[in-house]
Structure formats: structure tokens, C-alpha cells
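Enquirer: quick one: sequence plus predicted model below, questions after.
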Amino acid sequence: MKHNLVAGEWIPAADAVENRNPADTADLVGLFALADAAQTNTAIEAAHAALPKWAASTPQVRSDLLEAVAQALFARADEIGTLLAREEGKTLAEAKGETIRAAQIFRFFAGEALRVAGDALASVRPGVSIEVSREPVGVVGLITPWNFPIAIPAWKIAPALAYGNTVVFKPAELTPACGHVLAEIIHDAGCPAGVFNLVVGSGSVVGETMVNHPLVDAISFTGSVGVGRAIAAKAASWMKKVQLEMGGKNPMVVLDDADLDIAVPAVLNGAFYSTGQRCTASSRIIVQAGIHDAFVERLAAETAALTVGNPLDAATQIGPVVSERQLAGNLSYVALAASEGAEVLGGERLNRDTEGWFQAPALFLNATNQMRSSREEIFGPCASVIKVADFDEALSVANDTEFGLSAGICTSSLKHARAFKSGAKAGMVMVNLPTAGVDYHVPFGGRKGSSHGSREQGRYAAEFYTTVKTAYEFGG
Ligand code: NAD
């Protein structure tokens, strides 16, 4: 059994969770200790006890720790990428890429730790000077989903530690292995006891204990809208700082003047890579009437030609769905789309040599934006194709959603690209690029039901992981 990291010690638990490979359920990735409320409380108290010293540590100490973690991740990218593919199901290439991304994020924040800046201003009163400085928020609780099991933990843990906070980290129960390896790396890199704690466990026990504990000063959560909403309500009653990254129903507009050699690969990538299990996945393909039939013909042919299989096989383009439950949910949306009047291509369960949760990518043709299958996040390899008359209708359909994470457009018109960049009600806008796939040194996040609180990543992460102090001084 893999243990939890609490106060610098690896601690077992009475219960454990089985982590199984979604492409081969006979492959047991590992058994992970399931923390209870008492173990979570101990981790929170350890983080609280470690806070004063870590908050006062020099930027060099924090930078060196993060750089050591980055180096270990770079050095072990093949091994960790393979583990990630086994526990989550994305292809080996995607999984190694995600591990390298985690390493890059740690390296970026190793630099940011040295660049924490403030302001010095003259006062409006004579003889008074003002300093504005950033301080750590305190103990931060980090709660992550299963779909990016090393990159999302990295983009929360690295800034938390860089800015002098102490951490209690809860990975998703479905994918604890990458979080565990990351904890080992942080521990082995010399992180002081209590500064970083790992508690694998359920959302209802470990997650809720973190959200309701008075010693946790801030919660950063990535996951579903329902859970995020509940966390925000509870955190508000404690006056905790919260940052929520949640779902999407991201539009990709294809205009008549789009280059099909750009649009078709961008839609295939955005809708189906990583098995469509990305919060930034393109799930509504909004296509102008003039290019609609030619685009759909090519998209349908290339979708049907995608190779679904074992992520460890180099020929595989689409790995399995993450779990039996998620697959059942996806299949119910395929049936729903058909019952709502869409023409469904693909979407059926597939059998492979091993027992796993494989699904053919699905297109819901002739869909409307009012269908439930076009409005609710599916989080699988399913995309609705919606025909529109012109740019104005495309933009209005793109914005007609409760979400607002990423929005894309394929066009060769500068005028339409500009109008879409300014008119899209989303946190991220892509022109002639897939809706998914972002850089790590710039802000990540959305609007409306997709995000709440300040942005993650890049230097904007400081807004969440620090709190600002304004000091006035007279005399001296
Ligand atoms: P989820 O909401 O079920 O779980 C996310 C995390 O929250 C898990 O660690 C879970 O254990 C925990 N949790 C569950 N109940 C909790 C509770 N009551 N209190 C505290 N914590 C609790 O989401 P998931 O199924 O793991 O992930 C899929 C979702 O994540 C999708 O909606 C997807 O869009 C979203 N997501 C968003 C982003 C983004 O940045 N916007 C990125 C990736 C995934």
C-alpha cells in the first residue's frame, strides 16, 4: 500500500483505494492509503505548524526546492509518463508531454519565487511613505481532478510553495499514483516536514474536512461545477479564499473562409484527443452553412479513422475512457443525442484485447444548441455539430452557454478573428488553434460557470497564492 505524506512521514491508513488501468482492468496500478478525517486534520495541523518558518524562508530556498522538483520530473518523464498513461488512459505521448509540462511549471515558479515584487509609493500626507508587499496566504488546500493527474497538481503546488504557503494536497481517488510520485519527489528534494502534505482520500471525507477546517486559509479546486459550487458556499461561510476551475462546453466556430487543412485537425484534436476528457475540449462545433457539408464529410471520415486502443501502443490516438462510470455516462449522452434528433456517428463501446473502457469518438450531426446534449458537459469523446448562417449567429451560439472557459474560431478573415477575440465570452480564445492546449506561463481560466476567483498559472497565480499588505510609515 502507498502511504500518505503527513508532517514529513509516510503514514498508512485503515482503508485503501485500488487504482486500475482503464485500458486493462487486470492491471493493478497500485493500492493507495485512504486518509480519514483524523489523518486529514493531522496534515492540516502539520501544515499550520510549518507555516511560519516556510513563509519566512528566503526566496532562494524556495526556488532551489522547486528547481530540484523540476529536474527530477524532467529526468523521470518517461517513467512517470508511462505511469500516467496506465492510471488515466491518455496516450503515452500525451502522458509524457503532461509530465514534462509539470516539470516546466515547477521550473517557471522556481523563477517566480525570486521575483516576488511590491510597490513603494509616496503618500498623499507629508513625511509618510507607503510600501505595498505580498505575503503568503497561509495553509492552502489543493483539490484536483483525475484528467491531468500531474499537470494540475503541479500548477497548484508550485505557486503555493513558491510564494511561501504550506500545502495539503488531495488528488482524485481515480488517479492517485502521479500525485503520490510527485509527493515523493517533493519530499526527496528536501521539502521541510509539514510544508507539503499528501492526503489521498474521498471528496466527501478528505475534501470536506479541508474545506471546513478553520486552519485552512484558502482552497484551490479543479473539478465539476456541482462540487465547485458546494465548496464555494462552504468556504464563504468560513471566509476562506477560493479559486475554482470547473467545466466547459467549449465552442469551435468554423467559418466559410476557414482553411480545411487547419480546421479539421484543430477540431479532431480539440474534440477527441485525451479522449475528450479535457475541460477545454471542443464539444460544440459551430459551422457556417457554406462550408458545412465539405467540412463534415472530412471530419466524419477522419474521426472514423482515429485509432482507439491501448495508450501504451504507439499507434493509438485515443485511449480509453477513464472509468466504467464515466463510460456509462458518455453512452447515455450518445443515446440522448439520438433521441433529441441528432444524427449520431460513432460513439459505441468498443472491445479490445484487454478488458477496458473503450469508446469510439462520436459526432452528433445536425444538432441544435438547445439540445441537452449540446448544453451539458459530457467530458468524453463526443462533439455536437451545429449549422449556422453567418458570423453573427456563430458568435451568438458560441456564447449561448452557462460555461465560458475556451472558445475557438477557424477563419482566414482578420475582421472575424478580431471580432471573435473581443466578442467571445470566455477566459481563453483561440484563432486557428484547437480550444485545448495552452501555454504554462500565461493565465488559465474562464468565466461564468467555468471559473470562480482569480486566474491560475503564470505570474497571475500570485493573486491567489499571496495576500497584499499596505504599510504606512512616518518618521524614523
Ligand atoms: P469532481 O468534481 O468529481 O472531483 C474533483 C475533485 O474534487 C476530486 O479530487 C474529488 O475527490 C473532489 N471532491 C468531490 N466531492 C468533494 C466535496 N464534497 N468536497 C471537496 N472535494 C470534493 O471532478 P472530476 O470528475 O474529478 O473531474 C472532471 C471535472 O473537472 C470536469 O467537470 C472538468 O471539466 C473539470 N476540469 C476542469 C478544469 C479547469 O481547469 N477548468 C480542468 C480539468 C478538469
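Expert: On my side now, so go ahead. Residues are numbered from 1 along each chain as shown.
Enquirer: how close does Gln277 sit to the ligand?
Expert: Distance of Gln277 to the ligand, computed by C-beta to the nearest ligand atom, to the nearest Å: 8 Å. Yep, even glycine has a C-beta here, placed from its N, CA and C like the rest.
Enquirer: can you count the residues close to the closest residue to that residue other than its chain neighbours?
Expert: Sequence neighbours aside, Asn147 is the residue nearest to Gln277 in space, at 4.7 Å (criterion: C-beta to C-beta, 6 or more residues apart in numbering). If you count neighbours by other C-beta atoms under 10 Å, Asn147 ends up with 26.
Enquirer: can you pull out the strands in the stretch 301-450 of the chain?
Expert: 343-346, 349-350, 358-359, 362-367, 382-388, 406-410, 428-431 (DSSP state E, counting those that start in this stretch).
Enquirer: try the stretch 101-250 of the chain
Expert: Under DSSP E, counting those that start in this stretch, the stretch 101-250 of the chain gives strands at 119-122, 128-136, 139-143, 166-170, 196-198, 218-222, 241-245, 250-254.
Enquirer: buried sites along the second one?
Expert: Of the residues in strand 128-136, those buried by neighbour count under the rule 16 or more other C-beta atoms under 10 Å are Arg134, Pro136.
Enquirer: extract the C-alpha trace of that strand and format it as PDB.
Expert: The C-alpha trace of strand 128-136 is given here as PDB (Å, rounded to 0.1, in the frame of the first residue of the first chain):
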ATOM      1  CA  VAL A 128       4.700  59.400   5.200                       C
ATOM      2  CA  SER A 129       5.900  56.600   3.000                       C
ATOM      3  CA  ILE A 130       3.900  53.600   1.800                       C
ATOM      4  CA  GLU A 131       5.000  50.000   0.900                       C
ATOM      5  CA  VAL A 132       2.800  47.500  -0.700                       C
ATOM      6  CA  SER A 133       4.000  43.900  -0.300                       C
ATOM      7  CA  ARG A 134       2.800  40.400  -0.900                       C
ATOM      8  CA  GLU A 135       2.700  37.800   1.800                       C
ATOM      9  CA  PRO A 136       1.700  34.100   1.700                       C
END
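Enquirer: so who does Gly207 touch?
Expert: Ile143, Lys170, Gly201, Val227, Ile231 (C-beta atoms under 8 Å, 6 or more residues apart in numbering).
Enquirer: so for it, what's the pLDDT?
Expert: Looking at Gly207, its pLDDT stands at 98.
Enquirer: please report the distance of it from Gln359.
Expert: 28 Å (C-beta to C-beta, to the nearest Å).
Enquirer: wait, isn't Leu268 in contact with Thr303?
Expert: Yes - using C-beta atoms under 8 Å, Leu268 is in contact with Thr303, at 6.6 Å.
Enquirer: so which of the strands of the stretch 301-450 of the chain is nearest Ser63?
Expert: Distance to Ser63, taken as C-beta to C-beta, is lowest for strand 428-431 among these, at 28.4 Å.
Enquirer: and that closest one, what's buried?
Expert: Met428, Val429, Met430.
Enquirer: any idea which of these is closest to Gly347?
Expert: Met430 (25.2 Å).
Enquirer: now the helices: where do they sit in the stretch 51-200 of the chain?
Expert: Taking DSSP state H, counting those that start in this stretch, the helices of the stretch 51-200 of the chain run over residues 59-75, 77-88, 92-112, 151-162, 176-188.
Enquirer: deepest-packed of the ones you listed, please.
Expert: Of all the helices of the stretch 51-200 of the chain, helix 151-162 has the most neighbours on average by mean count of other C-beta atoms under 10 Å, namely a mean of 27.
Enquirer: for Asp257, give me its contacts.
Expert: So Asp257 contacts Thr411, Ser412, Ser413, His416 (C-beta under 8 Å, 6+ apart).
Enquirer: which residues sit against stretch 313-331?
Expert: Counting by C-beta under 8 Å, 6+ apart, 22-23, 85, 88-92, 94, 146-147, 174-175, 272-275, 277, 306-311, 347, 349, 356-359, 361-362, 378-382 sit against stretch 313-331.
Enquirer: tell me how many other residues crowd the residue of the stretch 351-476 of the chain found nearest the ligand.
Expert: Proximity of the stretch 351-476 of the chain to the ligand (C-beta to the nearest ligand atom) peaks at Phe379, 5.1 Å away. Using other C-beta under 10 Å, Phe379 has 24 neighbouring residues.
Enquirer: ok, and the closest non-adjacent residue to it?
Expert: Once flanking residues are discounted, Phe379 sits nearest to Gln277: 5.8 Å by C-beta to C-beta, 6+ apart.
Enquirer: and that neighbour, what pLDDT?
Expert: 98.
Enquirer: so who does it touch?
Expert: Per C-beta under 8 Å, 6+ apart, neighbours of Gln277: Lys90, Asn147, Val321, Val322, Gln326, Phe379, Gly380.
Enquirer: OK, contacts around Ile186?
Expert: Neighbours of Ile186 in contact, by C-beta under 8 Å, 6+ apart: Leu65, Val69, Ile157, Leu161, Phe196.
Enquirer: separation between the fourth one and the ligand?
Expert: What that stands for is Leu161. 20 Å.
Enquirer: now the helices for the stretch 201-350 of the chain?
Expert: Using DSSP H, counting those that start in this stretch, helices in the stretch 201-350 of the chain cover 208-212, 225-238, 260-272, 289-304, 324-339.
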